[in-house]
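Trainee: Below are the sequence and a predicted model; questions follow.
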Amino acid sequence: MTNECVFCKIVSGELPADKVYQDDMVTAFRDINPVAPTHILIVPNQHVASTNDLTDADEQLAGRMLTVTRKIAQQEGVAESGYRLIINTGPDANQVVFHLHLHLIGGQKMRYPMG
Ligand code: 5GP
Ligand code: ZN
């Protein structure tokens, strides 16, 4: 947890966000600058900067981030049409927010890679 982390503040409710899901381990909300009709960010409730900071003790958390995608994709109506899951880590991946987040992107046909 850092005082300046925007995603920590979204998790706690200190900053507004269009939340679509929250449980004891993760929170999901709409990306403020969506790249597709559906663009959700799934983040740990606790501060983890990136995948470089995940430890063996975080296996349940990392698993939860992945298993909630099914529920959110169904909720968003993209489970059947399909979606892409992306985690950016570090400079080469253009990670901008250093609170781990899984992008769930869908609602349109996508090329690979996105560039
Ligand atoms: P990254 O490049 O770090 O993987 O992506 C960060 C994502 O967070 C971007 O898609 C950006 O639009 C989104 N984002 C940054 N700040 C905020 C915010 O305050 N609220 C929301 N909802 N999304 C944000
Ligand atoms: Zn944080």
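Mentor: Thanks, I have the structure now. This one's a predicted model, so the numbers in the text were calculated from it and none came from an experiment. Ligands and ions are numbered 1, 2, ... in the order given.

Trainee: hmm, who's touching the longest strand seen in the chain?
Mentor: Secondary structure of the chain read by DSSP state E shows that its longest strand is strand 38-44. Strand 38-44 is contacted by residues 7, 10-11, 20-21, 25-31, 58, 61, 65, 68-69, 72, 76-78, 83, 99-107 when judged by Cβ atoms under 8 Å, 6 or more residues apart in numbering. C-beta here means a position set from N, CA and C on the backbone, and glycine is covered the same way.

Trainee: can you tell me if that strand touches ligand 2.
Mentor: No: under the criterion of Cβ under 5 Å from the ion, strand 38-44 makes no contact with ligand 2; the nearest approach is 7.7 Å.

Trainee: pLDDT of that strand, averaged?
Mentor: Mean per-residue pLDDT for strand 38-44: 98.

Trainee: sorry, back to before: just the buried ones from the contacts of strand 38-44, in ChimeraX syntax?
Mentor: This is how ChimeraX selects the buried members of those, with burial counted by 16 or more other Cβ atoms under 10 Å:
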select :7,10,11,20,21,25,26,27,28,29,31,58,61,65,68,69,72,76,78,83,99,100,101,102,103,104,105,106,107
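
Trainee: ok, which of the contacts of strand 38-44 also contact ligand 1?
Mentor: When Cβ under 6 Å from any ligand atom is applied, the members of the contacts of strand 38-44 adjacent to ligand 1 are 29, 30, 31.

Trainee: Which of these sits closest to ligand 2?
Mentor: Minimum separation from ligand 2 among the ones next to ligand 1 among the contacts of strand 38-44 (Cβ to the ion) is found for residue 29, which lies at 13.2 Å.

Trainee: and the closest one, what are its bridge partners?
Mentor: Beta-bridge pairing for residue 29 (DSSP bridges): residue 19, residue 41.

Trainee: Same question for residue 102.
Mentor: Going by DSSP bridges, residue 102 is paired in beta bridges with residue 42.
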